[in-house]
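[1] Attaching a predicted model along with its sequence, questions to come.
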Amino acid sequence: MFTKRFSRPGTAPATLTPFAPGEALKPTFRLIEYGPEHVEEQALDSFESIINAPSEGKVRWLDMCGLGDVEALKSLGEKFQLHPLALEDVLHVGQRPKVEPYADHLFIVAQMIYLQPNGALRTEQVSMFLLQGILITIQEEPLHDVFGPVRDRIRSGRGFIRKSGADYLAYALLDAIVDHCFPILESLGESMEEIETELLSEPSKKCVHALHSHRRTLMQLRRFVWPERDVVSLLLHEESGLIAASTRVFLRDCYDHTIQIMDLVESYRDVAAGLLEMYLSSVSLKTNEIMRVLTVISSVFIPLTFVAGVYGMNFSQSSEKGEFSMNMPELHQPWGYPACLILMALIAIGQILFFKRKKWL
Amino acid sequence: MFTKRFSRPGTAPATLTPFAPGEALKPTFRLIEYGPEHVEEQALDSFESIINAPSEGKVRWLDMCGLGDVEALKSLGEKFQLHPLALEDVLHVGQRPKVEPYADHLFIVAQMIYLQPNGALRTEQVSMFLLQGILITIQEEPLHDVFGPVRDRIRSGRGFIRKSGADYLAYALLDAIVDHCFPILESLGESMEEIETELLSEPSKKCVHALHSHRRTLMQLRRFVWPERDVVSLLLHEESGLIAASTRVFLRDCYDHTIQIMDLVESYRDVAAGLLEMYLSSVSLKTNEIMRVLTVISSVFIPLTFVAGVYGMNFSQSSEKGEFSMNMPELHQPWGYPACLILMALIAIGQILFFKRKKWL
Amino acid sequence: MFTKRFSRPGTAPATLTPFAPGEALKPTFRLIEYGPEHVEEQALDSFESIINAPSEGKVRWLDMCGLGDVEALKSLGEKFQLHPLALEDVLHVGQRPKVEPYADHLFIVAQMIYLQPNGALRTEQVSMFLLQGILITIQEEPLHDVFGPVRDRIRSGRGFIRKSGADYLAYALLDAIVDHCFPILESLGESMEEIETELLSEPSKKCVHALHSHRRTLMQLRRFVWPERDVVSLLLHEESGLIAASTRVFLRDCYDHTIQIMDLVESYRDVAAGLLEMYLSSVSLKTNEIMRVLTVISSVFIPLTFVAGVYGMNFSQSSEKGEFSMNMPELHQPWGYPACLILMALIAIGQILFFKRKKWL
Amino acid sequence: MFTKRFSRPGTAPATLTPFAPGEALKPTFRLIEYGPEHVEEQALDSFESIINAPSEGKVRWLDMCGLGDVEALKSLGEKFQLHPLALEDVLHVGQRPKVEPYADHLFIVAQMIYLQPNGALRTEQVSMFLLQGILITIQEEPLHDVFGPVRDRIRSGRGFIRKSGADYLAYALLDAIVDHCFPILESLGESMEEIETELLSEPSKKCVHALHSHRRTLMQLRRFVWPERDVVSLLLHEESGLIAASTRVFLRDCYDHTIQIMDLVESYRDVAAGLLEMYLSSVSLKTNEIMRVLTVISSVFIPLTFVAGVYGMNFSQSSEKGEFSMNMPELHQPWGYPACLILMALIAIGQILFFKRKKWL
Amino acid sequence: MFTKRFSRPGTAPATLTPFAPGEALKPTFRLIEYGPEHVEEQALDSFESIINAPSEGKVRWLDMCGLGDVEALKSLGEKFQLHPLALEDVLHVGQRPKVEPYADHLFIVAQMIYLQPNGALRTEQVSMFLLQGILITIQEEPLHDVFGPVRDRIRSGRGFIRKSGADYLAYALLDAIVDHCFPILESLGESMEEIETELLSEPSKKCVHALHSHRRTLMQLRRFVWPERDVVSLLLHEESGLIAASTRVFLRDCYDHTIQIMDLVESYRDVAAGLLEMYLSSVSLKTNEIMRVLTVISSVFIPLTFVAGVYGMNFSQSSEKGEFSMNMPELHQPWGYPACLILMALIAIGQILFFKRKKWL
């Protein structure tokens, strides 16, 4: 639940606290350099060697995967003059998505969201530095390759990506991250429709638990997509000159997607709340119905059993001294038993009529 | 519940993903060209032949019905220079209503809402491209001809429509879509009044389910009418020059209608919430009443039955050895039975007085 | 619940749909012309004859009552050049209160609210056209003469009304409509105080129903007073030149009244919600108490009855063959009965102590 | 609950409706005139005599107590040229706190709030007119002398008050009114802490009622302090020239106090809502526990009692004709009774195991 | 719950009310003077001696600990020309965090929040005066040395602190106070995860109480962190010239931390509310289940016991006069007992089938 990494309070700002051994991967680097006409791709263990000289009219995408080496991060920051506070946020994973403009680069934090097999959400922080002609992306783990389709588009030269700058690349990655919510919402929607069908026929504890877990998922989605919407909106109105006008119409499209996701999340929350209410009202109605059956059966038979109990008492009429006795003369009348049965029937009928009038039967 | 169509995350923007075969209709086209003095109407299978030359001072309405042919859509986009991102949104049905200004056209997405016979809402996406003198509308299916009355008005020359431009036509279609909510709300209102009457007399499971389904319907209406209001508002303040000043006063009227619809939706939601609360409080009161009856009957008879049980015990007074016995001398007194009955009556009266004091009787 | 009149979707805007026969009254007209020095009053069946010439420095108030004659409305519109969309809204009664500025007149819609004898709210639409020196008011029915006191003020010359223009007259009528909510709120407040007293002593179904109906009334009040506040606020900041500066200080006073009404409505809603919660918590507490009594009585007597049942069993000690029998030797001990009674008393005391420890007694 | 006084709807604005006899006090007047060097104090029955001439460089504070004399109010208004609408609001007690700027004076309405001995809140309207060098205050009743400490400060010359103008005096009075909420909130906070302790140990009806009454009190406080905050804020940004710059830093302090009061009110409301929820959940848990005990005891003994009942039946084995009988041979076996007791024990043990597995025991 | 200290209403503003003896500590002073090259630290009982002369290009941090000496505070205020209203707020501990700009200094109030060992939150007010080159901090008690790490950073010369001004020092202290919330939230998050696991397996009263106390803690955190966010935001946009541009980028980082804290607090509140709902729904489901078991067992056995009771009645067939009797002939049939047992079995099976159909079994 608490996934934000933080330094001890009082630590100097911009301190890069290393992860505990084993907590983070050793970083690997992948450099893709492309222009309208060509693509060049390199996978390296260190980025020291690759930064020979900036190439004219091309886009360079440096993808770093793994946060296990603070020194590498520090020298990366020095080489590209990235702000130390931004580097600190790269290590403090679990950030809220945000955009921060620095002197000559934009720092973008996004959260990649995906459903784990057990149905819980998991987020992975993706940090991006957008410089003139260069995009540096830093991921935690290479588990879920959301950037694969973008890499394929660069390789194949499909779409606008090879003809556009680093800002378009940043947009394409953000768009891939944002669009990733649609399949999550689709599967949530299907599951909630199943739950609804089940609730209408036979409300069970199991589907309430599923509902609660969906509500939690929706809450988390909401928590990450709201600021992601702000990220896109800020990029859309960014005035640093790093975002080209031609990219803005695509960012507007991406912004529209975040709006649609939020819209779905909010309406699913409403649906989930409505289902829970329906469930609670059906439980309370069912308790009421059970009570009614119990009450009717108990109330009809308890007085009858009492009557039977009375005539099962052993008061003896013939006392020892043969004197007159008031003890249970009914028992010795020839019509005693039928009269008793008729009395019982009358009591039962009276009660049933009473319950009918109360509409409990 | 999840009705938005989307491409696989990572797909290049503006990719037109075709529908699976059988999922969408083969498109048909209908071209209406009109001016103050004349109307001309054509139904065609392809729009290739019809675009000979733009006619001066006239309005051309091209209505495409069916999304099954991606190639047709693509060549439509090329002919009229429609933005590829807008064409993608045409295919990604289930969009939130929106207006997007492009270089020389407005792209409008609206959702036509109608009640299905089973009481559930259904929406159909209507996409419009407003160009200078031309309106292109694209619908999913020709099921529910909400545009029929507008077509009739063009044919008959009634009202302002023949004397106005393509912007007025777009307004007229939007107005027809928006006004379609009034009969839906009227039938909802009537149904909720019936439910209220029923709840006051005899709350049943059935009317709670109806209430829940109405709440869902209201939620959906709200979800589509809010952005539709924004669409009308944006058109009202649009500065592209495609909307004439004379059309704005009508758009203001349409905006007023969206406000009234939202107002009704919100107050129906309040009414529905109030009815549900009333239902829950009446169920809990009823449970309480049932409990009271059960408690009174049980509590009165259980002690009496116990007394009867005691005097039904078989402790024998005359033991084998003729010795003195303390076993149940009451049974052998001549006044035993009446005394026992009087005891029972006293217990019962005592309890009834106790319950009277507690106001349970 | 659905009180808005509307035309069939797709109808041309500004179509004046007549009421069904018998649904609306035949209109009557009343013209009052007044200045600082004189008043002239005429009641007429038709307004055709009366509009001879606009008189200098005077105010003319034309009050039309009844919406049964579409033709009269149409020719009224033509004579005073009222906008056709505004005339349509006059007929579509059940509008949200609003102000619409047209070229040379203001169109004001207000809702007169009054309590019917059965405690339900009823609203009647009052439409006003404010022109230079002329005010045209159109009401549905002359049932509830809220304008009477204003007419009396004109006749008597009391207050500022005779010295002011048509804008002050419009203010005076709006003020009368707004102030009409105070007595409604006063009676609601008194009723809710009674309900509170009753709930504290003896919560009943009846007062919950009254509470629910009050909540509904408050919701309706809120729905109409919010936009009425906007109407007054818009008039206060209107820049058409139809509202004199001297009238604005009075409109500010009227605006203050709408704020006070909303304030009362909101706090009554809070009170009503609090009362309902208190009721629900007291019902649940009462159910709990009833359960406790039932449980204590049942739990004490059920084991005792079981013991009595055991000693009421007919296992016979003396078998046919005179052999040794283990059947119920207790029954034949001289101390059997007292021992049994003591056992029962011990069980009862044990249970009572258990319930005392649980604080159920 | 409804404490606002109002005129009959339709009454001309600025009509001063007198109170019914006995409803309001006959006014008394107190004039304090002070400067840096001196103070002069007069208590009078009428203010006619005292207004000889405005004194240079001094502040005059006229305090009127009692609203029973409409004529006195009217001539006060004429003498100081107070706006008639403001005078009407003086009589219409129960106003929302507000500031209204008029041509040459500010009209301030505040509500003095104090706890009555029975724990309910009471409010008293304080109206102030701030003129150049003169402050006129009008109170309903001299019950609760909140202005006493300010008067003492003037007399003693402590603090800034003697060196400042009428605006500072108005601030000092407002500040006294606002600060009066702190002791109220302190006592509420203490009471709510007691309620919390009680709820945790033994939830009772009494503390729920206390909680409900506190919620009502908080609601009322909120209703009056919100607009009081706006009053201070408006004075802080007032541009009439009646508020000196040196007074603004004090008004900012007073504004800060209103923020702190609102902050406390809001957090108390949250606490109260949380306590109520805790109470309801503990009642429902307790009902559940009671049910569990009842169910366990009933379910264990009811089958046993049935078995005892079976062996208490009087089917006779030896029929009249000496023929073979299947009637209850168990009763005549020597091991019948022990076997029956063992059967009962087995049933009881089985049930207890079942309840143990369900964790009801 | 009510922790704000306040003066008696009506007290003159800026009155420094001393604490009761023993309520506050006698103040101690610590002066740290540092520049890029050196640090000097002094601990003193009185600050009189230390203010020899302001040193050029250095930062002076005067830390006062303890509020027990009003005179010391007063002379501190005189020496540094601190505003009396600000000094009053220093003594009125329990303030809402705020920033107030005065002529030549900024007054900052913050609340240091820490968890007490018993799990409750405690806050301590930290007041700061930021002057040109001087920072004065005033704390209540030296209990929880949150400033220690900052002091260490000054001593060691690590980070930016020695090279920056007094504004950076103020930022560093605020940052330490804000970051202190992260460990609190981390421990809350862990505790809530435990509660969730417990609720899913076995809901108990204990974890509801823990949940309620967490909700209270979150409410308090929210109450203090919201205004702390405003404090940072105001400093970020402060235009007094006391905050250097280079410090603003750090304040932006601190602002981002407050946003993240609020984000966590809000999502924890949602989680807590969801857990409480889940708990309540599981209690109501459990009550329902208990009722079902009770009902099934009671309803099956109560009629059987009645039948047994009937045949336990003592109506005698052989009357004294040997006449014909209708009394209980069944008892004397040889097949009476088996028939009775079969009847009972049929009743039981019928009921079980009924309950099966109702899905209660």
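    Thanks, I have it.
[2] contacts and neighbour counts: CA atoms only from here.
    Noted.
[3] ok, and residue A:57, which helix or strand is that part of?
    Here residue A:57 sits in a region with no helix or strand, counting by DSSP states H and E.
[4] check contacts around the nearest residue to it once chain neighbours are set aside.
    Excluding the flanking residues, the one nearest residue A:57 by C-alpha to C-alpha, 6 or more residues apart in numbering or on different chains is residue A:35, at 6.9 Å. By C-alpha atoms under 8 Å, 6 or more residues apart in numbering or on different chains, the contact set of residue A:35 is A:57-59, A:162-163.
[5] Return a ChimeraX selection command for the buried portion of those residues.
    Of these, the buried ones can be selected in ChimeraX as follows, counting by 16 or more other C-alpha atoms under 10 Å in any protein chain shown:
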select /A:58,59,162,163
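[6] Closest one to chain D out of the contacts of residue A:35, please.
    Proximity of these to chain D (C-alpha to the nearest C-alpha) peaks at residue A:59, which lies at 53.0 Å.
[7] Would you check which pair of the contacts of residue A:35 lies furthest apart?
    Farthest pair in the contacts of residue A:35 (C-alpha to C-alpha) is A:57 and A:162. Separation: 11.1 Å.
[8] if we can go back for a sec, what's the lowest-pLDDT member of the contacts of residue A:35?
    Among the contacts of residue A:35, residue A:57 carries the lowest pLDDT, at 77.
[9] now stretch A:35-54: mean pLDDT?
    76.
[10] right, is stretch A:231-245 up against chain B?
    No - counting by C-alpha under 8 Å from any C-alpha of the partner chain, chain B is not contacted by stretch A:231-245; separation bottoms out at 13.0 Å.
[11] now what about that stretch, what contacts it?
    With C-alpha under 8 Å, 6+ apart as the criterion, stretch A:231-245 contacts A:97-99, A:101, A:105-106, A:108, A:130-132, A:167-168, A:248, A:251-252, A:254-255.
[12] give me the residue from the stretch 201-350 of chain A nearest chain D.
    residue A:312 (8.9 Å).
[13] So what's the residue count around that residue?
    For residue A:312, the neighbour count with other C-alpha atoms under 10 Å in any protein chain shown is 27.
[14] How about residue A:156?
    12.
[15] now do residue A:37
    Residue A:37: 9 neighbours (other C-alpha under 10 Å).
[16] Confirm it sits in a helix?
    No - counting by DSSP: H, G, I helix; E, B strand; the rest coil, residue A:37 is not found in a helix; it is coil.
[17] Now do it against residue A:131, distance only.
    22 Å (C-alpha to C-alpha, to the nearest Å).
[18] With residue A:172 instead?
    16 Å.
[19] Likewise for residue A:12?
    According to C-alpha to C-alpha, residue A:12 and residue A:131 sit 27 Å apart.
[20] what's the answer for residue A:243, then?
    In terms of C-alpha to C-alpha, residue A:243 sits 10 Å off from residue A:131.
[21] Those two - which one has more neighbours?
    residue A:243 (23 against 18).
[22] Residue A:132 versus the more buried one, what's the distance?
    Applying C-alpha to C-alpha, the value for residue A:243 to residue A:132 is 10 Å.
[23] How about residue A:222?
    Relative to residue A:132, and taking C-alpha to C-alpha, residue A:222 is found at 32 Å.
[24] Tell me how many other residues crowd residue A:249.
    14.
[25] which SSE is the residue of the stretch 151-300 of chain A found nearest chain B in?
    Residue nearest to chain B within the stretch 151-300 of chain A (C-alpha to the nearest C-alpha): residue A:176, separated by 4.6 Å. Applying DSSP H and E as the criterion places residue A:176 in helix A:166-179.
[26] is it fair to say residue A:123 lies in a strand?
    Yes - judged by three-state DSSP, residue A:123 forms part of a strand.
[27] Need the residue closest to the centroid of chain A.
    The centre of chain A sits closest to residue A:217, judged by C-alpha atoms, centre = their mean, with a distance of 0.9 Å.
[28] Name the residues that touch the helix or strand of chain A at the bottom of the mean pLDDT ranking?
    Using mean pLDDT, DSSP states H and E, the weakest-scoring helix or strand in chain A turns out to be strand A:39-44, at a mean of 86. The contact list for strand A:39-44, computed with C-alpha under 8 Å, 6+ apart, reads A:28-34, A:154-155.
[29] and it, C-alpha only, in CSV?
    Provided in CSV are the C-alpha atoms of strand A:39-44 (Å, rounded to 0.1, in the frame of the first residue of the first chain):
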residue,chain,number,x,y,z
VAL,A,39,18.0,3.4,-37.5
GLU,A,40,21.0,2.2,-35.4
GLU,A,41,20.5,0.2,-32.2
GLN,A,42,23.1,-0.8,-29.6
ALA,A,43,22.7,-2.7,-26.3
LEU,A,44,25.5,-1.9,-23.8
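[30] Can you list the strands that it pairs with?
    strand A:28-34 (antiparallel) (DSSP bridges).
[31] rewinding a little: including neighbour count, could the contacts of strand A:39-44 go into CSV?
    As requested, the contacts of strand A:39-44 are arranged in CSV below (neighbours: other C-alpha atoms under 10 Å in any protein chain shown):
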residue, neighbour count
A:28, 18
A:29, 17
A:30, 18
A:31, 19
A:32, 18
A:33, 17
A:34, 24
A:154, 24
A:155, 17
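[32] Which single one of those residues is nearest to residue C:210?
    Using C-alpha to C-alpha, those come closest to residue C:210 at residue A:154, 69.2 Å.
[33] So whichever strand or helix holds the closest one, near chain B or not?
    Using DSSP H and E, residue A:154 falls within helix A:148-156. Yes - judged by C-alpha under 8 Å from any C-alpha, helix A:148-156 comes into contact with chain B at A:148-150, A:153.
[34] now stretch A:295-312
    Yes - using C-alpha under 8 Å from any C-alpha, we find that stretch A:295-312 touches chain B at A:295-296, A:298-299, A:302-303, A:305-306, A:309-310, A:312.
[35] Check the residues you listed one by one and keep those near chain E.
    Within the residues of stretch A:295-312 next to chain B, those near chain E by C-alpha under 8 Å from any C-alpha are A:298, A:302, A:305, A:309-310, A:312.
[36] Just give me the closest of those to chain C.
    Closest to chain C, out of all of these and judged by C-alpha to the nearest C-alpha, is residue A:312, at 8.9 Å.
[37] The nearest residue to that closest one once chain neighbours are set aside and residue A:151: what is the separation?
    The spatial neighbour of residue A:312 that comes closest, neighbours along the chain excluded (C-alpha to C-alpha, 6+ apart), is residue E:313 at 3.9 Å. Residue E:313 is 92 Å from residue A:151, where distance means C-alpha to C-alpha.
[38] Look at the two and report which has more neighbours.
    A count of neighbours by other C-alpha under 10 Å puts residue E:313 above the other of residue E:313 and residue A:151, at 24 against 17.
[39] How about the helix or strand harbouring the residue nearest to the centre of chain A, which residues are buried there?
    Taking DSSP H and E as the criterion, residue A:217 maps to helix A:205-236. Applying a neighbour-count criterion of 16+ other C-alpha under 10 Å, the buried positions in helix A:205-236 are A:207-208, A:211-212, A:214-233, A:235-236.
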